[in-house]
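>>> model the structure of this input:
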Amino acid sequence: MKISRLISIIMILLDKERVSAHELANIFEVSKRTIYRDIDAINLAGIPVYSTSGVGGGFEIMKRYKINQKTFSSTDISSILIGLSGFSNIIKSAELTNALTKVKSFIPADKVNEIEFQTNQIQIDLNQWISDGNVEKNLNIIKLALQNYNILSFEYTNAHGIKTERKTEPYQIILKSNHWYFHGYCYTRKDFRLFKLSRVSKLKIENSFFKPKDYQKPLLDFTDTWTSIQIRTTIRIHKSIMDRVLDFCVYEDFTLDGEEHYIVDFPLIENDYYYNLILSFGDKCQFLEPLHIRTELKNRIQNIANLYKD
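Here you go, the predicted model:
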């Protein structure tokens, strides 16, 4: 049972007059049985939630009930504020502003300084170092389409530079490895697809609507797949790029080689992404082995040099 989900359910019930178990199950991607257990836990915590059966039925908090400020601990409130503040940096919306205001209203007067101190210990800033206004704009467009079940249309450029026009039913916004995506059912491919926002252009909401399909969650963990196709290679790097290489290795993979260099046991997949990654290290990285990858890199370097002969 996740405490964060219980707190979120309480916030939703405070904001809406009545919410069905089906709706809550969809929001949190759990079974209705789990939602019923969560509601029981909320009741045991002293917050009176009752259910109404039949058409239009659902859960609601008893009218005139006021949550006691002691319901949430200082750590609970700090955790919620940290999470909400992080998303409010990138997604500007009245809902997030209102949520932050409501959570802050739970802070007892004698705990303000303590909670402010705890909240300031962690800062989540999802913005890029160089601002991209399109990301914020597109996130808000997708969020609106998600709420109203609007179809989205846009142009999409794949990894090979091929551009296609798409119409898609949006189902989920995803932040993965510092990149924003949205998952939806693509009418062109007639299947669920994951779209990287940086490859989306001319995004707009259509005046047409869709009836949600049975949702298929995207596969976001490729650890086992990547591990099975990775090979161990050896590179020699200058200490100035150590922080970049550490995005792909651990400290145990580094062996000091003189005063300014390291020999690194580097995991590599034989594709354009990793070849270009090695080349991006420039003269601060020398690929040592295996030989066939070293040869491929030499060929690519020669092709680049050929572009500058004239």
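
>>> only C-alpha atoms for contact and neighbour calcs from this point on.
OK.

>>> the most centrally placed residue in the chain pairs with what?
Nearest to the mean C-alpha position of the chain, counting by Cα atoms, centre = their mean, stands L175 at 1.7 Å. L175 has these beta-bridge partners by DSSP bridges: W180.

>>> surely it and H183 touch.
No - using Cα atoms under 8 Å as the test, L175 is too far from H183 to be in contact (10.9 Å).

>>> return the per-residue confidence for D221.
At D221, the pLDDT value in this model is 67.

>>> next one: P212
Residue-level confidence at P212 comes out at 89, pLDDT.

>>> that one: what's it in contact with?
Y149 (Cα atoms under 8 Å, 6 or more residues apart in numbering).

>>> and it, which of the three is it?
Three-state assignment for P212 (DSSP: H, G, I helix; E, B strand; the rest coil): coil.

>>> report the buried residues of stretch 36-44.
38-39, 42 (16 or more other Cα atoms under 10 Å).

>>> ditto for stretch 236-254
Residues of stretch 236-254 classed as buried: 236-239, 242, 245, 249, 254 (neighbour count, 16+ other Cα under 10 Å).

>>> doesn't R189 belong to a strand?
No - assessed with three-state DSSP, R189 is coil; it does not lie in a strand.

>>> phi and psi next, for it.
The phi/psi pair for R189 (degrees, to the nearest 10) reads phi -90, psi -10.

>>> also K211?
Residue torsions, per degrees, to the nearest 10, at K211 are phi -90, psi 120.

>>> and what of the one 3 residues further on?
For D214, the backbone dihedrals are phi -60, psi 120 (criterion: degrees, to the nearest 10).

>>> could you tell me how many residues sit around it?
6 (other Cα atoms under 10 Å).

>>> and the strands in the stretch 201-310 of the chain, which stretches?
Under the criterion DSSP state E, counting those that start in this stretch, strands of the stretch 201-310 of the chain are mapped to 231-238, 254-257, 261-268, 285-289.

>>> okay then, goodbye and thanks.
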